[in-house]
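Enquirer: 3D, please:
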Amino acid sequence: MNAQQNSKAFSNKERAVSFLVQVAGGEVREAYERYVNSDFSHHNPYFQGDKDSLMSAMEEDDAKNPRKTLEVHRAIEEKDMVVVHSHIKQQQEDTGVAVVHIMRFEAGTIVELWDIGQPLPEDSPNENGAF
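Expert: Residues are numbered from 1 along each chain as shown. Here you go, the predicted structure:
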């Protein structure tokens, strides 16, 4: 990470959103190099908890779903934590998934990540929608 990206000029909230946008856009390795700490760990139950395992899974997902979209609906920052609520579609015709990413930062880099997803039904009885 260069000095400008790690400076106070960028908030952790901006870093978190940029990380997710870059990953969804297919620049997985670049996003990890720019925003993720070498001591990174995550809590996704489908993969080992280290940096390389999740990065590889994201690269594989990008290869299978190169037209993935991410729409951020809200991002909240409190102290060293950032929460991002977004809508991810693997394919344009999908209804997609409502996803919440929770990231813990140290010195401007992501050191810990949690992610929770909820598939969106075709026909929801909730008139408010997921977002």
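
Enquirer: got the contact list for the residue sitting nearest the centre point of the chain?
Expert: The centre of the chain sits closest to L20, judged by C-alpha atoms, centre = their mean, with a distance of 3.8 Å. Neighbouring residues of L20 by C-beta atoms under 8 Å, 6 or more residues apart in numbering: L70, V72, V84, S86, H101. Just so you know, the C-beta spots here come from the backbone N, C-alpha and C atoms, and that holds for glycine as well.

Enquirer: Compute the distance between it and E127, please.
Expert: Distance, L20 to E127, using C-beta to C-beta, to the nearest Å: 28 Å.

Enquirer: Check K68 too.
Expert: Taking C-beta to C-beta as the measure, K68 falls 28 Å from E127.

Enquirer: So between these two, which is more surrounded?
Expert: Between K68 and E127, K68 has the larger neighbour count (other C-beta atoms under 10 Å), namely 19 against 5.

Enquirer: Surely that one and S86 touch.
Expert: No: contact between K68 and S86 fails when scored by C-beta atoms under 8 Å: they sit 11.5 Å apart.

Enquirer: Put the alpha carbons of the host helix or strand of R34 into CSV.
Expert: In this assignment (DSSP states H and E), R34 forms part of helix 28-35. Coordinates of each C-alpha in helix 28-35 appear next as CSV, following Å, rounded to 0.1, in the frame of the first residue of the first chain:
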residue,chain,number,x,y,z
VAL,A,28,-8.7,-9.7,-6.6
ARG,A,29,-4.9,-10.0,-6.2
GLU,A,30,-4.5,-6.3,-6.6
ALA,A,31,-7.1,-5.5,-4.0
TYR,A,32,-5.4,-7.9,-1.5
GLU,A,33,-2.0,-6.3,-2.2
ARG,A,34,-3.4,-2.8,-1.7
TYR,A,35,-5.9,-3.3,1.2
